[in-house]
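>>> no sequence on this one, just coordinates:
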């Protein structure tokens, strides 16, 4: 089974051979005398083939010496192994899986809706048409207004008790 590096080298060799074929087809268009064109037609294809074979045999040999196939397979297929531009291989620590999102309950949806409406109302009061703050308003004041309105709405709907009312047992 060939490694990914071998497949890349094979693809590059096929591409080089395609370029050599295109180069050979361009020979008739060269502005050279006929005897020179004939010589070029016989010499160029053979030298291109020899150079291509020698180059890619050398590259395959170096790829196996520098990075043997089993090591290359491990480096390529392992997401925790990195190779920098200098060729040194390093291991990175595995990232923990992201936590699953919390399930949104009916009560949470209701709270979010109440809070959203409260912030919309508070922003409508504290901001001008162009989005800037009215005089005397800032983001903290708008947030306080929204939280106060949210608490009132939750008390009205019976989702929470009034925090201002005193809790505790009555004495006899």
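Ah, there it is. Worth saying up front: this structure is predicted, and the values here are computed from it rather than measured. Numbering: from 1, shown residues only.
>>> give me the most central residue, the chain.
Central residue of the chain (Cα atoms, centre = their mean): residue 79, 14.1 Å from the mean position.
>>> longest single helix anywhere in the protein?
helix 34-66 (DSSP state H).
>>> how about that one: buried residues?
If you call a residue buried by 16 or more other Cβ atoms under 10 Å, then helix 34-66 has these buried ones: 48, 52, 56, 63. C-beta: built from backbone N, CA, C; applies to glycine.
>>> roughly how far does the residue nearest to the second one when sequence neighbours are not counted sit from residue 27?
Okay, so that is residue 52. Closest residue to residue 52 apart from its sequence neighbours, by Cβ to Cβ, 6 or more residues apart in numbering: residue 16 at 5.3 Å. Using Cβ to Cβ, to the nearest Å, residue 16 is found at 17 Å from residue 27.
>>> quick one: least confident helix or strand in the protein?
helix 69-77 (a mean of 67; mean pLDDT, DSSP states H and E).
>>> what's the first helix or strand after it?
Following helix 69-77 in sequence order, the next helix or strand is strand 81-83 (DSSP states H and E).
>>> quick check: buried residues in that following strand?
Per 16+ other Cβ under 10 Å, strand 81-83 contains no buried residues.
>>> what does the helix or strand following it rub up against?
Counting by DSSP H and E, the next helix or strand C-terminal to strand 81-83 is strand 89-91. The contact list for strand 89-91 (Cβ atoms under 8 Å, 6 or more residues apart in numbering) reads 75, 80, 81, 82, 83, 84.
>>> please report phi then psi for residue 127.
phi -120, psi 150 (degrees, to the nearest 10).
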